[in-house]
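K.L.:
next come a sequence and a model predicted from it.
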Amino acid sequence: MRIYAVADIHGRPDRLAFIRRNILALKARVLVVAGDITGYIRPLPVIAQLNTMPVPVLAVRGNSDLSRVEALMAQYKNVSSLHLTEVTLGGVSFTGSSGTIPVPFRSRICFREKRVLDKMSLRVNPSSVVIAHPPPWGKLDRVMGKLHAGSRGLRQMILEKQPKVVICGHIHEDTGTGFINKTLVVNCSIGKSGQGVLIDYENDSLPDVNFV
């Protein structure tokens, strides 16, 4: 399964354009969007454009996506919200949680973060691909190169469930890959100058990750 993952589109037409080009050029099978899909205004045209992508789109909301973005995604056949649900494509199980509340020196997925993550974790197994907007605390979450600003709750869920891959964004300046025990964490933010990440997932081996 070839996964093309991005985060932090923020509704920009130029980013949607290169995402479409890269899907075709890289022969991706699915597009994963790890939050901040839209801006705070006029989200409908962005979701409509995602619906026209040449592969299925799996997404979670970020802090710049209003709650009604969830309902907008439900209107389109080619865009699926992963919030507290599970989608299986090509034998790979995807699940996730929408939302992010930036607070000083950390992020929370929502105010009742533990309750939401407990619900999500029921769908997580060692072969899962988990999508959330913020990174887990302590991994690919450094603001200004030194201050950790990730989600402690997400980190705890990873330690308990050990999914195969966690895809995130939110912290624009700390893209990359790293591990929390056996879990591969990928910050695929395009918020600075990136164009996302290509992840070749095989059930019986370590995923191959290449930044676009």
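P.N.:
Cool, got the structure. Numbers count the residues shown, from 1 in each chain.
K.L.:
any stretches of this protein with poor pLDDT?
P.N.:
Scanning the chain with the threshold set as pLDDT under 70 gives 104.
K.L.:
repeat the analysis, applying 80 as the threshold.
P.N.:
Residues of the chain meeting the criterion pLDDT under 80: 103-105, 145.
K.L.:
okay, which residue is most central for it?
P.N.:
residue 34 (2.2 Å; Cα atoms, centre = their mean).
K.L.:
any idea how far it is from residue 146?
P.N.:
The gap separating residue 34 from residue 146 is 23 Å, by Cβ to Cβ, to the nearest Å. (Each C-beta comes from the backbone N, C-alpha and C, glycine too.)
K.L.:
what residues are up against the closest residue to residue 107 other than its chain neighbours?
P.N.:
Of all residues not flanking residue 107 in the chain, residue 134 sits nearest, at 3.8 Å (Cβ to Cβ, 6 or more residues apart in numbering). Residues counted as contacts of residue 134 (Cβ atoms under 8 Å, 6 or more residues apart in numbering) are 100, 107, 108, 109, 141, 149, 150, 151, 154, 168, 170, 171.
K.L.:
please repeat the previous calculation with a cut-off of 10 Å.
P.N.:
Residue 134 is in contact with 7, 34-35, 62-63, 97, 99-102, 106-109, 141, 149-151, 153-154, 168-171, 187, counting by Cβ atoms under 10 Å, 6 or more residues apart in numbering.
K.L.:
for it, helix, strand, or coil?
P.N.:
Following DSSP: H, G, I helix; E, B strand; the rest coil, residue 134 is assigned to coil.
K.L.:
phi, psi for it please.
P.N.:
The phi/psi pair for residue 134 (degrees, to the nearest 10) reads phi -80, psi 150.
K.L.:
likewise for residue 13?
P.N.:
Residue torsions, per degrees, to the nearest 10, at residue 13 are phi -60, psi -40.
K.L.:
surely it meets residue 49?
P.N.:
Yes. Contact criterion Cβ atoms under 10 Å: residue 13 and residue 49 qualify, at 8.1 Å.
K.L.:
quick one: which of these two has more around it?
P.N.:
Each of residue 13 and residue 49 has its neighbours counted (other Cβ atoms under 10 Å); residue 49 has more, 17 against 10.
K.L.:
just list what the helix or strand containing that one packs against, helices and strands only.
P.N.:
Assigned by DSSP states H and E, residue 49 belongs to helix 44-51. Here helix 44-51 touches helix 13-26, strand 57-60, helix 68-74, strand 79-81, going by 3 or more Cβ pairs under 10 Å, 6 or more residues apart in numbering; DSSP states H and E.
K.L.:
residues contacting that helix, please?
P.N.:
Contacts of helix 44-51 (Cβ under 10 Å, 6+ apart): 9-13, 15-17, 19-20, 31, 33, 37-39, 57, 59, 65, 68-69, 71-79.
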